[in-house]
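J.: fold the following and give me the result.
(one chain, ligands or ions: 1)
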Amino acid sequence: MRPFHASDTDAVVALWQASELTRPWNDPRKDIARKLTTQPELFLVAETDSGLRGAVMAGYDGHRGWVNYLAVDPSARGHGLGRALMAEVEQRLEALGCPKVNLQIREGNEPVMEFYRALGYARDGAVSFGKRLIADS
Ligand SMILES: CC(C)(COP(=O)(O)OP(=O)(O)OC[C@H]1O[C@@H](n2cnc3c(N)ncnc32)[C@H](O)[C@@H]1OP(=O)(O)O)[C@@H](O)C(=O)NCCC(=O)NCCS
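T.: Numbers count the residues shown, from 1 in each chain. The predicted structure follows:
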């Protein structure tokens, strides 16, 4: 596991696409470029002998840690890579003094909820609101 390098861009975009994390309103290359300006050390990739197989993007805003774009290649799932990526991110966030990690799961994505429950996460009593400031398209 190591921080993302610019040369990982194509592999990470392909991973996110294979993991169905991309959406028309989020340009993944713009998301990567933005992340490289803010806590790039919290953008991690997992490399195995067969290449890049996982990635996760995290950040600490001084109150909460946030996790986005966690993905493990479909061919590598079920072997602990997702858990390992989250453990690494949690360790790095805690080292910054971050007291709690938040993340968003798309409504109806029950399997991913089970994954996070297995890692000790629980549903918060909050509804997520958002407001777009910069349109990607
Ligand atoms: C979610 C994801 C990252 C999990 O990666 P993974 O490497 O397969 O997960 P792990 O093998 O580390 O599993 C960790 C634990 O979660 C559980 N788990 C993983 N996927 C699960 C599923 N679909 N249903 C139920 N439990 C699951 C495992 O049983 C395991 O439990 P254990 O360690 O107690 O045995 C992967 O499925 C993925 O990339 N999904 C598509 C992208 C996505 O939706 N990302 C989340 C965005 S919020």
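
J.: for the rest of this, base every contact and every neighbour count on C-alpha atoms.
T.: Noted.

J.: quick one: strands adjacent to the longest strand seen in the chain?
T.: Of all segments of type strand in the chain, defined using DSSP state E, the longest is strand 51-60. The pairing partners recorded for strand 51-60 under DSSP bridges are strand 43-48 (antiparallel), strand 65-72 (antiparallel).

J.: give me the distance between the shortest one and the centre of its chain.
T.: Using C-alpha atoms, centre = their mean, to the nearest Å, the mean C-alpha position of strand 43-48 is found 11 Å from that of the whole chain.

J.: ok, and what's touching that strand?
T.: The contact list for strand 43-48, computed with C-alpha atoms under 8 Å, 6 or more residues apart in numbering, reads 1-4, 35, 52-58, 81, 85, 89.

J.: likewise for the longest one?
T.: Outside strand 65-72, the residues that touch it by C-alpha under 8 Å, 6+ apart are 15-16, 19, 21, 53-60, 81-82, 93, 98-104.

J.: ok, of those residues, which come out buried?
T.: 15-16, 21, 53-60, 81-82, 93, 98, 101, 103 (16 or more other C-alpha atoms under 10 Å).

J.: check these one by one and keep those near the ligand.
T.: Among the buried ones among the contacts of strand 65-72, the ones lying near the ligand by C-alpha under 6 Å from any ligand atom are 81-82.

J.: wait, residue 60 sits on residue 93?
T.: Yes. If you go by C-alpha atoms under 8 Å, residue 60 and residue 93 touch, sitting 6.7 Å apart.

J.: quick one: low-confidence parts of the protein?
T.: Judged against pLDDT under 70, the chain has no low-scoring part.

J.: identify the farthest-apart pair in the contacts of strand 43-48.
T.: 35 and 81 (22.0 Å; C-alpha to C-alpha).

J.: following element in sequence after the helix of greatest length in the chain, please.
T.: Looking across the chain with DSSP state H, the single longest helix is helix 81-95. Sequence-wise, the next helix or strand downstream of helix 81-95 (DSSP states H and E) is strand 101-103.

J.: what parts of the chain come near the ligand?
T.: Checking the chain against the ligand by C-alpha under 6 Å from any ligand atom, the hits are 19, 69-72, 77-83, 104-105, 111-112, 114-115, 118.
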